[in-house]
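**Q** Fold the following for me, if possible:
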Amino acid sequence: MKGNPIGLHTIKDLKDIAGHSWYPDDLQILLRKPKSHEHSFQHPFRSDSYWVVLVTQDVSHNPLSIQLNSKEYVLRENDLLIVPPHTVRQPSDTEHSCDLACVAFRPDFLFEAGISQRHIDSFEYLSCSPCTHLHLSAEDASRLMTVIRMLQEKNFSEEDNPFAAEVVRHFFNVFQFELAGLYYRYTNQKKVAHDRKEELLWRFLTLLPEHVKTERSLQFYANRLYVTPKYLTQTVKKVSGKTAGKFIDDLVIVEAKNLLRDPSLTIAQVADRLDFSDQFFFSKFFKRYTGVTPSDYRRSA
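**A** Okay, here's the model as predicted:
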């Protein structure tokens with residue numbers, strides 16, 4: 001079984017790949033050609049940012065493969081992939097012939113860019129787990145790429161413009177609304193106005209991946225969302241049909257499976273990293289939700 005420790009790469013680490021710095025730090029745009037990955041991430045990792053990846057060209061029909069939370073996604077020309085923060089990402093070892101565009105941004109930047117609360121429901125797709133994968137028409141892919149290039153140009157701009165940050169945020173908002181429009185059109189979902197309860201669910205699902213390895217109590221998430229645990233439980237259940245506790249447990253299992261694939265970690269260490277009191281309680285929890293023990297899962301992985 002192959003495995004490597006799963007590290008966390010911040011959005012700032014992207015500048016080491018591209019050799020450029022951006023302003024602001026919470027937004028990065030990366031354009032890549034095939035075989036230009038000498039400094040890219042070769043082992044499983046997490047990121048603190050959303051990644052929006054667009055495959056712009058595949059000259060030899062050799063697609064890009066990537067695993068997200070152990071599920072494989074194959075990307076071809078004009079494919080769009082939206083990856084939430086803290087998803088475990090494992091690039092393929094095989095070479096690909098795809099040109100890529102990647103827009104990475106931290107969740108807070110979405111609000112700092114001035115997205116109005118009345119439009120926040122338009123971006124609920126960002127909380128999809130583990131990702132959104134769409135195949136665009138050539139025309140739509142080209143239009144989105146034009147917006148990405150404009151955003152990159154403004155983000156790289158060194159002009160002495162006292163409103164440079166505002167210009168970048170403006171183009172970022174254009175990018176987000178273009179992205180949202182594609183999502184609703186290609187998934188055949190209707191944009192609806194969401195109330196405060198639906199917004200609470202969206203924020204809960206955005207917060208969960210960042211903290212679930214060490215925080216499983218409803219009290220923690222309720223405190224971060226400025227509501228009571230009872231209100232959080234009732235609201236999540238009413239809006240989604242699934243309890244907040246079930247969302248937490250499901251994601252803990254995903255985290256546990258990712259850690260169990262790392263042969264350098266003992267099961268006791270996996271239990272410790274997930275903040276279980278000991279290996280026994282972790283094994284009992286894991287078997288209850290998966291039907292197998294951590295040892296059996298590790299042998300079959």
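**Q** and stretch 227-245, how far out from the chain's middle?
**A** Centroid separation for stretch 227-245 versus its chain: 23 Å, with Cα atoms, centre = their mean, to the nearest Å.
**Q** Relative to residue 49, how far out is the residue nearest the centre of the chain?
**A** In the chain, the residue lying closest to the centroid (Cα atoms, centre = their mean) is residue 84, at 1.4 Å. Distance of residue 84 to residue 49, given as Cβ to Cβ, to the nearest Å: 9 Å. In this view, the C-beta of every residue, glycine as well, is placed from N, C-alpha and C.
**Q** And for residue 148?
**A** Distance from residue 148 to residue 49, counting by Cβ to Cβ: 15 Å.
**Q** can you give me phi and psi for residue 214?
**A** Torsion angles at residue 214 (phi, psi; degrees, to the nearest 10) stand at phi -120, psi -10.
**Q** Look up how far residue 242 lies from it.
**A** Separation of residue 214 from residue 242 (Cβ to Cβ) stands at 22 Å.
**Q** try residue 108
**A** Plainly put, residue 108 is 26 Å away from residue 242 if you go by Cβ to Cβ.
**Q** Name the helix or strand of the protein that has the lowest mean pLDDT.
**A** Across the helices and strands of the chain, mean pLDDT, DSSP states H and E gives its lowest value to helix 14-18, namely a mean of 59.
**Q** Skip ahead from that one and say which helix or strand is next.
**A** Moving toward the C-terminus from helix 14-18, the next helix or strand (DSSP states H and E) is strand 27-32.
**Q** Not counting the helix or strand following that next one itself, show me its contacts.
**A** Remark: after strand 27-32, the chain's next helix or strand is strand 45-47, criterion DSSP H and E. Applying Cβ atoms under 8 Å, 6 or more residues apart in numbering, the contact partners of strand 45-47 are 6-11, 83, 85-89, 104.
**Q** Let me have those residues in a markdown table, extended by distance to residue 142.
**A** Shown next, in a markdown table, are the contacts of strand 45-47 (distance: Cβ to Cβ, whole Å):
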| residue | distance to residue 142 |
| --- | --- |
| 6 | 36 |
| 7 | 35 |
| 8 | 34 |
| 9 | 30 |
| 10 | 31 |
| 11 | 26 |
| 83 | 22 |
| 85 | 28 |
| 86 | 31 |
| 87 | 27 |
| 88 | 31 |
| 89 | 26 |
| 104 | 21 |
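**Q** Dump the residues you listed to a markdown table, plus secondary structure and distance to residue 296.
**A** Listed next are the contacts of strand 45-47 as a markdown table, based on DSSP: H, G, I helix; E, B strand; the rest coil; distance: Cβ to Cβ, whole Å:
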| residue | secondary structure | distance to residue 296 |
| --- | --- | --- |
| 6 | coil | 21 |
| 7 | strand | 27 |
| 8 | strand | 29 |
| 9 | strand | 31 |
| 10 | coil | 35 |
| 11 | helix | 37 |
| 83 | strand | 30 |
| 85 | coil | 31 |
| 86 | coil | 27 |
| 87 | coil | 25 |
| 88 | coil | 21 |
| 89 | strand | 26 |
| 104 | strand | 37 |
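**Q** quick check, nearest of those to residue 25?
**A** Among these, residue 11 lies closest to residue 25 (Cβ to Cβ), at 6.9 Å.
**Q** since we're on the closest one, how many residues are nearby?
**A** Here the count is done by other Cβ atoms under 10 Å, and residue 11 has 21 residues near it.
**Q** Just give the nearest non-adjacent residue to it, would you?
**A** residue 49 (4.2 Å; Cβ to Cβ, 6 or more residues apart in numbering).
**Q** Then residue 30?
**A** Nearest non-adjacent residue to residue 30, counting by Cβ to Cβ, 6+ apart: residue 102, 4.4 Å away.
**Q** Quick check: residue 255 touching residue 213?
**A** Yes. Between residue 255 and residue 213 a contact is recorded at 5.4 Å, counting by Cβ atoms under 8 Å.
**Q** so what sits against both of those two?
**A** Contacts common to residue 255 and residue 213, judged by Cβ under 8 Å, 6+ apart, are residue 274.
**Q** Which residue ranges of the stretch 201-301 of the chain form strands?
**A** Counting by DSSP state E, counting those that start in this stretch, the stretch 201-301 of the chain forms no strands at all.
**Q** low-confidence ranges in it?
**A** Scanning the stretch 201-301 of the chain for pLDDT under 70 picks out 301.
**Q** Repeat the analysis, applying 90 as the threshold.
**A** For the stretch 201-301 of the chain, residues meeting the criterion pLDDT under 90 lie at 201-216, 224-226, 236-242, 247, 250-251, 253-255, 257-259, 261-264, 277, 299-301.
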